[in-house]
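Chemist: got a structure for you, letters missing:
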């Protein structure tokens, strides 16, 4: 800021302010302002009171219906900027530019540091997100496959329930899963031999009673053939 104030002290534009018509100086050589009033037009001209037009037109460019304001060192913005020192204005602009650039650079460095800090977490979350999408797709495929299997199972059950026997009842299933009347051969590999026809005793004749002792005695008695 010291450079700005020093540049403003070295160059004073008010020394060059004069009337646009007669070039009367606004500031005398002694540094005191002129005793004659000066006016500043909205079209950007300085007019002394001697060349002020009664119809409120500019004596320098002829613009009509202009607005005027008394010229003095203490002016309001933006007119005050017209009389400020150009080198001082450049220094002020440079200082403002340096201040704004440093502020933005600090903010950029802050977010860059945050980005480097959270980058591994971002990459890990990105991988987990891709894995989550893959798992959701796999779950959806398994759900569709499960629904298809259920549909096929229901179709098979409905087809079996429609099979009835001659009595109008549902066919009974054997233990091995075959329906009654559907199996054509025995599941056993060895055939069961058939026994002899049953012997029937004549009327009035009863079946003799045997016990284990009688059988043992018959086995121990010698026969005639063995004695002879």
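Modeler: Great, that's in hand. This structure is a prediction, so every number in the text was calculated from the model and none was measured. Numbering: from 1, shown residues only.
Chemist: only C-alpha atoms from now on, for both contacts and neighbour counts.
Modeler: Fine.
Chemist: okay, strands next: where are they in the protein?
Modeler: For the chain, applying DSSP state E gives strands covering 38-41, 46-48, 68-70.
Chemist: run me through the strand neighbours of the first one, direction for each.
Modeler: Here strand 38-41 has these sheet partners by DSSP bridges: strand 46-48 (antiparallel), strand 68-70 (antiparallel).
Chemist: just put the strands of the chain in CSV and tack on distance to residue 11, mean pLDDT and mean neighbour count.
Modeler: As requested, the strands of the chain are arranged in CSV below (distance: least, Cα to Cα, whole Å; pLDDT from 0 to 100; neighbours: other Cα atoms under 10 Å):
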stretch, distance to residue 11, mean pLDDT, mean neighbour count
strand 38-41, 22, 92, 20
strand 46-48, 20, 93, 26
strand 68-70, 23, 89, 15
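Chemist: and those as TSV, adding distance to residue 55?
Modeler: Shown next, in TSV, are the strands of the chain (distance: least, Cα to Cα, whole Å):
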stretch	distance to residue 55
strand 38-41	13
strand 46-48	14
strand 68-70	12
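Chemist: worst-scoring helix or strand of the protein, pLDDT-wise?
Modeler: Least confident element among the helices and strands of the chain, by mean pLDDT, DSSP states H and E: helix 224-227 (a mean of 47).
Chemist: any regions of this structure where pLDDT drops low?
Modeler: By pLDDT under 70, the low-scoring segments of the chain are 1-10, 159-228.
Chemist: so which residues of it form helices?
Modeler: 2-10, 79-82, 86-161, 212-220, 224-227 (DSSP state H).
Chemist: of all those, which lies closest to residue 42?
Modeler: helix 79-82 (9.3 Å; Cα to Cα).
Chemist: rewinding a little: tabulate the strands paired with strand 38-41 (JSON lines), appending distance to residue 103.
Modeler: Below are the strands paired with strand 38-41 laid out as JSON lines (distance: least, Cα to Cα, whole Å):
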{"stretch": "strand 46-48", "distance to residue 103": "40"}
{"stretch": "strand 68-70", "distance to residue 103": "39"}
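Chemist: select, out of those strands, the one closest to residue 61.
Modeler: Across the strands paired with strand 38-41, closest to residue 61 is strand 46-48 (Cα to Cα), at 11.1 Å.
Chemist: residues in contact with that closest one?
Modeler: 17-21, 24, 36-41, 59-60, 71 (Cα atoms under 8 Å, 6 or more residues apart in numbering).
Chemist: so can I have JSON lines of the helices of the chain showing mean neighbour count and distance to residue 46?
Modeler: Below are these laid out as JSON lines (neighbours: other Cα atoms under 10 Å; distance: least, Cα to Cα, whole Å):
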{"stretch": "helix 2-10", "mean neighbour count": "13", "distance to residue 46": "22"}
{"stretch": "helix 79-82", "mean neighbour count": "12", "distance to residue 46": "12"}
{"stretch": "helix 86-161", "mean neighbour count": "12", "distance to residue 46": "19"}
{"stretch": "helix 212-220", "mean neighbour count": "9", "distance to residue 46": "158"}
{"stretch": "helix 224-227", "mean neighbour count": "6", "distance to residue 46": "174"}
